[in-house]
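Enquirer: Let me see the structure of the following:
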Amino acid sequence: MAVPAAFFALFFAYPVVAIVGRGLRPDGQWHVGRLGQVLGDPDVLRVLWFTLWQAGASTALTLALALPGAYVFARFAFPGKQLLRAVLTVPFVLPTVVVGSAFLALLGRGGLLDEWFGVRLDTSVWAILLAHVFLNYAVVLRTVGGLWSQLDPRQEEAARVLGAGRFAAWRRVTLPALAPSVGAAALIVFLFTFTSFGVIQVLGGPRYATLEVEIYRQTAALLDLPVAAVLTLTQFAAVAALLGVHAWSVRRRESALRLVPAEQTARRPSGAGQWTLLWSVLTPTVLLVLTPLAVLVERSLDTPEGYGFGFYRALGSVSDGGTFVVAPVEAIGNSLAYAAVATLIALAVGGLAAAALTRRAGRLVRGFDAMLMLPLGTSAVTVGFGFLIALDEPPLDLRSSWILVPLAQALVGVPFVVRTMLPVLRAVDARLREAAAVLGASPLRAWREVDLPLVRRALLVAAGFAFAVSLGEFGATVFIARPDAPTLPVAVARFLGRAGELNYGQAMALSTLLMLVCAGTLLALERIRTDRSGEF
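Expert: Residues are numbered from 1 along each chain as shown. Here you go, the predicted structure:
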């Protein structure tokens, strides 16, 4: 636990505390009264209300659309199921800036709906809600569907034999078993949408702002650190409460159920009713996921001279408008290099943390587990700006160092490494390690000979997820990426922030390239992963 704890203390807690302290102690004295002043501001209350409202609406809409999909993937076996499952997960690992770009191309000015029907939704809350469903559909599909596929259907059949109707059997047998999983999925979706940044930044415009966007505005545009500090504390308190409820629901799910292999529960659809149900769920799902991605690719090829690769070729030269000091195509190499280093850091820190968490040692370990999840719900903007504030003096004068970007990305990657490796490590029989020790193996050799062969695939899956999420990190990177070494998400945001068809087309081209890299990574993971439990 020592190395992960030190890493989080130095590169997470210290920058966050430094930026909050700078805001609430501008003259060396605490100004606690600032909390009431900021939280009593009508504009801040309006932002807080919209943050809560859109997160709740996004969660409800995601559950309504994804739960039927979870049932279909859990109970039906059909051709192309694993490939489709992987494709539906692609949006989850896409950078939020790319998701915003895709829905801007679909719903914005000159988008598909605008051209065909004269309808624009980019200035409405519906674009935000649909983008959030697009992003989080896979959370429900994997979390609920993964558990649903392992519930023994014979329990529900036994209830029907005893006289219960189909709905009554589902309500009394299956629903109580699924409830913790549905609650956990809802909390995760709410957490991700509560801290939404990239989607709101691209699609929200001046009318809509979440706490995360307002923190960015107060920090980067207005330099009002006291307001940003209060908003950060407010967001942190809400996220900590959510993570506490999530941990409780996960513990219930792990301890209350007897599961069977998923391969034993899925059956090929039989009869017109089941085939109709299958296609009525899959068709809108595929349209929801594939349409924005297809429009993104189409817009990247739609140049003023006709369809072609003009926007992609333009990425190889420095623009006259001063958007970049280097050719935008260099962002591809920068992102891949940063993500590779971030993955190595996340594997080292997350692997040690997962090994520590395999020992169920009461409140200390549960608190350690919760700490590892905090970066997913804490303002990435605060972390990024905190890096600049805190890590600017010897012996940690890293403000001009390239390593800042991988460190910020690794903070987001570590929770995915832990959540991927932990179930597999807990499944390793401790008696195997004990037998190796009895035969004379040192702890290091026992780990190499016993644990590593069993968790090798999980380690590769963890590396893939860490790489994908590091590649798309935007909230912190937008502060610390150097102008001569931008990452792909930062480059996309810069292009979208400037007017002109060429800038828009290059944003679409970069977004398409980033989407293809993330999709390729995820499809490779689906081929090597061994478990189907719904863990990311």
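Enquirer: Tell me where the stretch 351-500 of the chain is predicted with low confidence.
Expert: Confidence mapping of the stretch 351-500 of the chain against pLDDT under 70 gives the ranges 359-363, 366, 377, 427.
Enquirer: Mind jotting down where the helices sit in it?
Expert: For the stretch 351-500 of the chain, helices defined by DSSP state H, counting those that start in this stretch occupy the ranges 363-377, 380-390, 404-427, 430-438, 443-446, 452-472, 477-480, 488-496.
Enquirer: now the fifth one: how far from the chain's centre is it?
Expert: Read it as helix 443-446. 34 Å (Cα atoms, centre = their mean, to the nearest Å).
Enquirer: same check, this time on the longest one
Expert: In terms of Cα atoms, centre = their mean, the centre of helix 404-427 is found 12 Å from the chain centre.
Enquirer: now the angle between helix 363-377 and it, please.
Expert: Here the directions of helix 404-427 and helix 363-377 differ by 140 degrees (axes from the mean of the first three to the mean of the last three Cα atoms, to 10 degrees).
Enquirer: Can you list the helices and strands that helix 404-427 packs against?
Expert: helix 330-357, helix 363-377, helix 380-390, helix 452-472, helix 477-480 (3 or more Cβ pairs under 8 Å, 6 or more residues apart in numbering; DSSP states H and E). Heads up, the C-betas are built off the backbone N, CA and C, glycines and all.
Enquirer: Buried by neighbour count: which residues of the longest one qualify?
Expert: Buried residues in helix 330-357, counted by 16 or more other Cβ atoms under 10 Å: 330-332, 334-335, 338-339, 341-357.
Enquirer: Next up, phi/psi of residue 441, please.
Expert: phi -80, psi 140 (degrees, to the nearest 10).
Enquirer: Okay, helices next: where are they in the stretch 51-200 of the chain?
Expert: Going by DSSP H, counting those that start in this stretch, the stretch 51-200 of the chain shows helices at 81-93, 96-107, 112-117, 125-148, 153-161, 166-169, 175-194, 198-203.
Enquirer: among the ones you listed, which gets the worst mean confidence?
Expert: Mean pLDDT is lowest for helix 112-117 out of these, coming in at a mean of 71.
Enquirer: Tell me the spacing between residue 44 and residue 225.
Expert: Distance of residue 44 to residue 225, computed by Cβ to Cβ, to the nearest Å: 15 Å.
Enquirer: Over to residue 192?
Expert: Residue 192 is 26 Å from residue 225, by Cβ to Cβ.
Enquirer: And residue 7, by the same measure?
Expert: Where residue 225 is concerned, residue 7 sits at a distance of 26 Å (Cβ to Cβ).
Enquirer: Adding distance to residue 303 and mean neighbour count, write the helices of the stretch 351-500 of the chain out as CSV.
Expert: CSV is the format used below for these (distance: least, Cβ to Cβ, whole Å; neighbours: other Cβ atoms under 10 Å):
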stretch, distance to residue 303, mean neighbour count
helix 363-377, 38, 17
helix 380-390, 34, 24
helix 404-427, 32, 24
helix 430-438, 60, 13
helix 443-446, 57, 12
helix 452-472, 26, 21
helix 477-480, 28, 24
helix 488-496, 15, 26
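Enquirer: Take those and write them to a markdown table, including distance to residue 23.
Expert: What follows is these, written out as a markdown table (distance: least, Cβ to Cβ, whole Å):
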| stretch | distance to residue 23 |
| --- | --- |
| helix 363-377 | 19 |
| helix 380-390 | 10 |
| helix 404-427 | 20 |
| helix 430-438 | 47 |
| helix 443-446 | 45 |
| helix 452-472 | 28 |
| helix 477-480 | 15 |
| helix 488-496 | 24 |
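Enquirer: do you know which of these lies nearest residue 219?
Expert: helix 380-390 (5.2 Å; Cβ to Cβ).
Enquirer: outside of the closest one, which residues touch it?
Expert: Helix 380-390 has contacts (Cβ atoms under 8 Å, 6 or more residues apart in numbering) with 11-12, 14-16, 18-20, 22, 195, 197, 212, 215-216, 219-220, 228, 232, 375, 396, 398-399, 404, 407-408, 411-412, 473-480.
Enquirer: Could you turn the buried ones of these into a PyMOL selection?
Expert: The following PyMOL line selects those of those that are buried, judged by 16+ other Cβ under 10 Å:
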select buried, resi 11+12+14+15+16+18+19+20+22+195+197+212+215+216+219+228+232+375+398+404+407+408+411+412+473+474+475+476+477+478+479+480
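Enquirer: related to what we said a few turns ago, which one of the helices and strands packed on helix 404-427 lies closest to residue 55?
Expert: Among the helices and strands packed on helix 404-427, helix 363-377 comes nearest to residue 55, with 11.5 Å by Cβ to Cβ.
Enquirer: how far off helix 330-357 does that closest one point, in degrees?
Expert: 160 degrees.
Enquirer: so how far is helix 363-377 off the chain centroid?
Expert: The answer for helix 363-377 is 17 Å, by Cα atoms, centre = their mean.
Enquirer: Just want the angle from it to helix 452-472.
Expert: Using the same axes, to 10 degrees: helix 363-377 against helix 452-472 is 30 degrees.
Enquirer: Compute the inter-axis angle for helix 363-377 and helix 175-194.
Expert: 50 degrees.
Enquirer: Break the protein down into its domains, please.
Expert: As recorded under automatic domain parsing, the domains making up the chain are 1-28+304-536, 32-303.
Enquirer: Please tell me how far the longest one is from the chain's geometric centre.
Expert: Domain 32-303 has its C-alpha centroid displaced from the chain centroid by 10 Å (Cα atoms, centre = their mean).
Enquirer: now swap in the shortest one and tell me
Expert: Computed by Cα atoms, centre = their mean, the chain-centroid distance of domain 1-28+304-536 equals 11 Å.
Enquirer: Where does the prediction get shaky in the stretch 151-300 of the chain?
Expert: 206, 246-266.
Enquirer: What segments of it are strands?
Expert: Counting by DSSP state E, counting those that start in this stretch, the stretch 151-300 of the chain has no strands to list.
Enquirer: How many residues are close by residue 519?
Expert: By other Cβ atoms under 10 Å, 19 other residues sit near residue 519.
Enquirer: so it touches residue 90, yeah?
Expert: Yes: counting by Cβ atoms under 8 Å, residue 519 does reach residue 90; the two are 4.8 Å apart.
Enquirer: quick one: which of the helices of the stretch 351-500 of the chain is nearest residue 505?
Expert: helix 488-496 (8.6 Å).
Enquirer: got the angle for that closest one vs helix 330-357?
Expert: 140 degrees.
Enquirer: who touches helix 488-496?
Expert: By Cβ under 8 Å, 6+ apart, helix 488-496 touches 95, 97-98, 100-101, 104, 198, 201-202, 323-324, 328, 331-332, 334-335, 471-474, 477-478, 481, 486, 503-504, 506-507, 510-511, 513-514.
Enquirer: Which parts of the stretch 201-350 of the chain are helices?
Expert: 211-216, 225-256, 271-301, 310-314, 330-357.
Enquirer: I would like the C-alpha coordinates for the first one, written out in CSV, please.
Expert: What follows is helix 211-216 as a C-alpha-only set of coordinates in CSV (Å, rounded to 0.1, in the frame of the first residue of the first chain):
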residue,chain,number,x,y,z
LEU,A,211,-19.6,22.5,-11.8
GLU,A,212,-16.6,21.2,-13.7
VAL,A,213,-17.1,23.7,-16.6
GLU,A,214,-17.6,26.5,-14.1
ILE,A,215,-14.4,25.5,-12.2
TYR,A,216,-12.6,25.7,-15.5
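Enquirer: For that helix, which helices and strands make contact with it?
Expert: Counting contacts by 3+ Cβ pairs under 8 Å, 6+ apart, helix 211-216 is packed against helix 42-75, helix 198-203, helix 225-256, helix 380-390.
Enquirer: who's in contact with residue 97?
Expert: Taking Cβ under 8 Å, 6+ apart, one finds 198, 201-202, 472, 474, 489, 492-493, 496, 511 in contact with residue 97.
Enquirer: And the furthest pair within those residues?
Expert: Counting by Cβ to Cβ, the most remote pair of these is 472 and 496, 15.2 Å apart.
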